[in-house]
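> sequence and computational prediction follow.
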Amino acid sequence: MDRLTLKRPDDWHLHLRDGPAMASVLADAARQFARAIVMPNLRPPVRTTYEALDYRERILGALPQDAAFEPLMTLYLTDDTPAEEIARAKLSGRVHGVKLYPAGATTHSDSGVTRISRCFRALEKMEEVGLPLLIHGESTDPAIDVFDREKAFIEETLGPTVERFAGLKVVLEHITTREAAQYVEVTGPNVAATITAHHLLMNRNALFMGGIRPHHYCLPVLKREEHREALVEAATSGNPKFFLGTDSAPHPRADKEAACGCAGVYTGHAALELYAIAFEEAGALDKLEEFASVFGAQFYGLPVNEHTVTLARQEWTVPQRLKFGDHELIPLRAGEKLPWKLL
């Protein structure tokens, strides 16, 4: 197969940042995706509908001319998010989810949730109005090994929450373990998961090949090969509970190559090409369209896109670095050749 034409895909988990840096990465997203769920973990975070709509206008204002791209906004859940704000978000028609960051779990999560019980009124309203809860699913208990934090979160927090709010739509984002894939598979149709390209392509050895590789460091962190294989199996299974979410997370190069580097992998420059590599290696290119273009839209209750994009078998070299506002960032597989190219 030398060409692969897909319904235009959507990205159900994307970091665009803000200000001058946003325009640098927004063009990559708009080139590939029709829509994207935009993460709210700015500084300060996007906590209200008004702030989400204002952020949306900044995104639209920074789009390249004639770009057809719709940002789907989210709110940042806190201990004090009122039920009235959830209702306001739903009524706006522009806010499509509420993001739960356990406080301290990842980048800009310090304002996140300290105890899930403090959010019960907000979750009740989300269940009532049909606004999905989008979860960074990791325990922040310092006693739990970093490689076990997703599993612990599912057992201690996610499972009981889903049981308590049985009608709440939940997306467990960027899953990284066999346990997470199995949990999503066996729960009801209201629970789904996104999977990143980098977690399909790399295991935790990639963090240490030839030395510390800071541009492979993300949260949740890369796991053992058995977990990567489980993610590939889930993504290529044709199960509509699993769909594309890049979690493309740009950081300035200096913030990655630091004594305490930031978590995040930038895949926005070649997201579809990277997913195509993973699916082809699994012998499942025929499953890519549903994963990338159909299942996410169906879960969020949105129409599947009518236009198409085409990938060609055409070797090209990923740039060594990309512009990121006044800084530069290092994309995944910088300087390497990729076999697929988006036309």
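Structure's in. What do you need?

> right, and Arg115 touches Asp79 too?
Yes. Contact criterion Cβ atoms under 8 Å: Arg115 and Asp79 qualify, at 7.0 Å. For glycine as for every other residue, the C-beta is placed from the backbone atoms N, C-alpha and C.

> and these two? Which one has more around it.
Per other Cβ atoms under 10 Å, whichever of Arg115 and Asp79 has more neighbours is Asp79, with 15 against 10.

> how about that one: what's its closest non-neighbour residue?
Nearest non-adjacent residue to Asp79, counting by Cβ to Cβ, 6 or more residues apart in numbering: Arg118, 4.1 Å away.

> over to Arg149?
Glu138 (4.1 Å).

> with Val294 instead?
In space, and not counting its chain neighbours, Val294 is closest to Val304: 5.5 Å by Cβ to Cβ, 6+ apart.

> please apply the same query to Thr81.
Thr81's closest residue in space is Ala122 (Cβ to Cβ, 6+ apart), at 4.6 Å.

> the one you found: how many residues sit nearby?
Ala122: 25 neighbours (other Cβ under 10 Å).

> give the contact list for it.
Leu77, Thr81, Pro82, Ala83, Glu85, Ile86, Val98 (Cβ atoms under 8 Å, 6 or more residues apart in numbering).

> who wins for neighbours among these?
Ranked by neighbour count (other Cβ under 10 Å), these have Leu77 at the top, with 29 neighbours.

> how near is that residue to Lys125?
12 Å (Cβ to Cβ, to the nearest Å).

> show me where the chain dips below the pLDDT cut-off.
The model of the chain has no residue with pLDDT under 70.

> now do the strands in it.
Along the chain, counting by DSSP state E, strands occupy 3-7, 11-14, 35-38, 70-76, 95-100, 133-135, 170-172, 191-195, 242-244, 308-317, 322-324, 327-329, 337-342.

> quick check: angle from the fifth one to strand 70-76?
Using axes from the mean of the first three to the mean of the last three Cα atoms, to 10 degrees, the interaxial angle of strand 95-100 with respect to strand 70-76 works out to 40 degrees.

> repeat that for the last one.
The directions of strand 337-342 and strand 70-76 differ by 110 degrees, with the same axes, to 10 degrees as the criterion.

> same deal with the longest one?
Orientation check (the same axes, to 10 degrees): strand 308-317 against strand 70-76 gives 80 degrees.

> report all helices and strands that strand 308-317 contacts.
If you count contacts as 3 or more Cβ pairs under 8 Å, 6 or more residues apart in numbering; DSSP states H and E, strand 308-317 packs onto strand 3-7, helix 271-281, strand 337-342.

> among those, which is nearest Ala21?
helix 271-281 (18.0 Å; Cβ to Cβ).
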